[in-house]
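**Q** have a look; sequence and predicted model below, questions after that.
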Amino acid sequence: MKDNPENVITVMVVDDDPSVRQLISKHLSNAGYRVSNFADAETCLRAFAEEPSDVLLTDIDMPGMDGISLLAEVKKLQPSTEVVVITGKAQKENAIQALKKGAFDFFEKPVDLGELIETIHRTVRYQTLLKERDRLSRQVAEMSEREAKRWGASGIVGSSSAMKKVLAAVEALRKTDRTTVLIQGESGTGKELVARAIHIGSSRASRPFIAVNCAAIPEQLAESVFFGHVRGAFTGAAADAKGCFDTADGGTLFLDEIGDMPSNLQTVLLRVLEDGIIVPVGSQRGHSVNVRVIAATNANLSERVASGRFRQDLYYRLARYTIDIPPLRTRKEDIPPLTEHFVKLLAGEMGITPPALGADVMASLKAYDYPGNVRELKNIIERALIEAGGKQIAVSHLHYGPGRAVAPPSVSGSVPRDAPPADGDSLPLNLKEAERALVRRAMEAAGGNMSKAAQLLGISRAKVYRLIREQE
């Protein structure tokens with residue numbers, strides 16, 4: 001749906017019968033839609049060309065241009081506009097013709113106004129789902145050149161024996177371009193980064209890397225997201241659309257959270273992995289695709305196979321080569337190189353000189369268990385750089401999430417910033433202190449991520465930044 005300043009859905013109503021036109025317009029207006037009505041198709045088309053509507057409701061049998069011709073012209077001007085047609089009882093063949101040309105639905109006269117309003121509501125919900133599908137299909141295909149440079153040759157930082165094994169696996173997999181890979185690890189360990197590293201160093205590097213979060217796809221759109229659809233495949237499918245497999249053709253498809261893939265889609269995915277043929281929704285003809293699939297999960301797939309939630313044959317097909325990324329708490333020796341990497345990277349993005357890190361800061365960072373893994377470490381460093389304001393990072397600039405397993409050491413002789421007053425009264429002394437405490441708690445709950453903290457507080461990211469600076 002197009003945007004308008006009031007964010008109200010717009011509907012055009014076309015009928016040569018003024019009583020029908022006015023009655024429908026009145027009910028749609030009462031339902032919250034912005035309605036304009038027309039006595040003939042020609043006048044409506046001229047208005048539509050100047051300002052397209054979200055929905056068009058038109059009679060079929062009218063003098064001059066009929067409703068089916070109007071439907072065709074409207075779809076040429078703006079394919080996303082949904083069209084609902086109205087027909088007489090003896091004209092059902094016209095309604096069927098309209099559906100074939102892309103109409104969303106049809107009604108016979110006399111129109112049930114309640115059902116009509118519900119149908120208009122459905123067109124809005126359908127458009128929202130289509131937008132989400134398109135966003136998922138484009139997700140990483142539009143990765144910027146700046147991001148590609150940011151990851152560099154591999155982008156993987158770590159000196160521990162566990163990460164050396166991961167790097168060795170990446171190097172081995174770069175020499176092949178068809179072997180499916182299953183990457184396992186907790187959230188935030190860098191599973192997508194490892195998948196990107198494999199892709200960037202392989203013969204597929206010049207082709208797309210498409211990342212899809214299987215847990216985020218609405219089940220009713222899943223097959224269309226992955227395999228695309230043909231025009232007329234379902235109500236409102238006005239044009240052919242590519243899915244992720246076609247978009248990634250020649251490149252790599254990264255399936256994150258594979259353990260949450262719906263069971264019906266697991267069956268189809270297995271078939272595609274076995275024969276390399278996809279069949280768009282609504283089509284009777286398949287075609288081949290050349291895609292390397294790398295899957296990732298933070299779940300125990302073996303347990304899900306045992307409980308029947310994940311297909312055993314698909315598991316074995318995906319796990320031809322597995323990479324296990326250990327949590328950061330089990331490889332503390334990787335914290336110093338990761339910290340130095342993030343300081344240089346983030347300081348460069350902020351346009352400041354990377355500050356030096358004292359031994360007490362590094363000791364504090366190594367004492368924490370990082371339930372959010374590498375992603376959480378990066379967030380902690382980002383906030384510390386902001387608070388330090390271009391100066392050397394101090395332990396007081398480090399903010400850890402709630403429920404930490406090991407309390408980071410504090411500056412000698414200092415009192416923790418969030419410690420209660422000595423008299424035991426935990427209430428803030430004034431509104432400014434209350435505001436500061438609220439921001440601190442939000443940042444902790446968000447794992448140091450300012451954008452998430454801003455969402456929790458209902459304020460802008462810029463305001464969170466300002467409030468943090470005021471606390472220095």
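**A** Arrived safely, thanks for sending.
**Q** so who does residue 74 touch?
**A** Neighbour list for residue 74: 45, 48, 52, 56, 81, 83 [criterion: CB atoms under 8 Å, 6 or more residues apart in numbering]. Any C-beta I mention is one placed from the backbone N, CA and C, and that applies to glycine too.
**Q** and it, helix, strand or coil?
**A** Following DSSP: H, G, I helix; E, B strand; the rest coil, residue 74 is assigned to helix.
**Q** local confidence estimate at it?
**A** Residue 74 carries a pLDDT value of 93.
**Q** again, but for residue 431
**A** Listed pLDDT for residue 431 reads 50.
**Q** ditto for residue 226
**A** For residue 226, the predicted pLDDT is 89.
**Q** looking at this, it is in a strand?
**A** No. Under three-state DSSP, residue 226 sits outside any strand and is assigned helix.
**Q** least confident secondary structure element in the protein?
**A** Least confident element among the helices and strands of the chain, by mean pLDDT, DSSP states H and E: helix 145-151 (a mean of 43).
**Q** next, the contact list for residue 292, please.
**A** Residues near residue 292 by CB under 8 Å, 6+ apart: 177, 178, 179, 180, 199, 202, 204, 251, 252, 253.
**Q** one more time with 6 Å
**A** With contact taken as CB atoms under 6 Å, 6 or more residues apart in numbering, residue 292 is in contact with 177, 252.
**Q** gap between residue 240 and residue 79?
**A** To residue 79, residue 240 is 11 Å away according to CB to CB, to the nearest Å.
**Q** closest one of the contacts of residue 74 to residue 104?
**A** Top of the list for closeness to residue 104, among the contacts of residue 74 and by CB to CB, is residue 83 at 6.1 Å.
**Q** could you verify my assumption that residue 98 touches residue 85?
**A** Yes. Shown here, residue 98 and residue 85 form a contact pair, counting by CB atoms under 6 Å, at 4.6 Å.
**Q** mind checking which of residue 240 and residue 79 has more residues around it?
**A** Between residue 240 and residue 79, counted using other CB atoms under 10 Å, residue 240 has the larger neighbour count: 14 against 11.
**Q** hang on, isn't that one packed against residue 231?
**A** Yes. Between residue 240 and residue 231 there is a contact at 5.4 Å, judged by CB under 6 Å.
**Q** now the end-to-end length of stretch 243-250.
**A** One end of stretch 243-250 sits 14 Å from the other (CA to CA, to the nearest Å).
**Q** and that stretch, how far from the chain's centre?
**A** Chain-centre distance of stretch 243-250: 17 Å, with CA atoms, centre = their mean, to the nearest Å.
**Q** what's the mean pLDDT across that stretch?
**A** Mean predicted confidence for stretch 243-250 is 91.
**Q** what about residue 66, neighbour count?
**A** Neighbourhood size, residue 66 [other CB under 10 Å]: 16.
**Q** can you check residue 40 too?
**A** Residue 40 has 15 neighbouring residues, counting by other CB under 10 Å.
**Q** ok, now which ones touch it?
**A** Listed by CB under 6 Å, 6+ apart, the contact set of residue 40 reads residue 64.
**Q** from residue 77, how far off is it?
**A** Counting by CB to CB, the gap from residue 40 to residue 77 is 17 Å.
**Q** please enumerate the helices of the stretch 1-150 of the chain.
**A** Using DSSP state H, counting those that start in this stretch, the helices of the stretch 1-150 of the chain run over residues 18-30, 41-50, 67-77, 92-100, 113-138, 145-151.
**Q** and the fourth one with helix 67-77, angle?
**A** Just to be clear, that refers to helix 92-100. Here helix 92-100 runs at an angle of 0 degrees relative to helix 67-77 (axes from the mean of the first three to the mean of the last three CA atoms, to 10 degrees).
**Q** packing partners for helix 92-100?
**A** If you count contacts as 3 or more CB pairs under 6 Å, 6 or more residues apart in numbering; DSSP states H and E, helix 92-100 packs onto strand 82-87.
**Q** outside of the strand it packs on, which residues touch it?
**A** Against strand 82-87 from outside (CB under 6 Å, 6+ apart): 55-60, 67, 71, 94-95, 98, 103-107, 123.
**Q** can you redo the contacts of residue 74 as CSV with distance to residue 384?
**A** Converted to CSV, the contacts of residue 74 look like this (distance: CB to CB, whole Å):
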residue, distance to residue 384
45, 60
48, 55
52, 49
56, 55
81, 50
83, 55
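**Q** JSON lines please, covering these and showing neighbour count.
**A** Converted to JSON lines, the contacts of residue 74 look like this (neighbours: other CB atoms under 10 Å):
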{"residue": "45", "neighbour count": "19"}
{"residue": "48", "neighbour count": "22"}
{"residue": "52", "neighbour count": "16"}
{"residue": "56", "neighbour count": "28"}
{"residue": "81", "neighbour count": "24"}
{"residue": "83", "neighbour count": "28"}
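**Q** most packed of the helices of the stretch 1-150 of the chain?
**A** A comparison of the helices of the stretch 1-150 of the chain by mean neighbour count, using mean count of other CB atoms under 10 Å, puts helix 67-77 on top with a mean of 19.
**Q** check the gap between residue 166 and residue 182 for me.
**A** The value you get for residue 166 to residue 182, if CB to CB is used, is 13 Å.
**Q** low-confidence ranges, this protein, go.
**A** Within the chain, the stretches with pLDDT under 70 are 1-7, 89-90, 133-155, 235-237, 402-437, 441, 444-447, 452, 455-466, 469-472.
**Q** in it, which spans are strands?
**A** Here the chain has its strands, by DSSP state E, at 10-14, 34-38, 55-59, 82-87, 105-108, 181-184, 209-213, 252-256, 277-278, 287-288, 292-297, 322-324.
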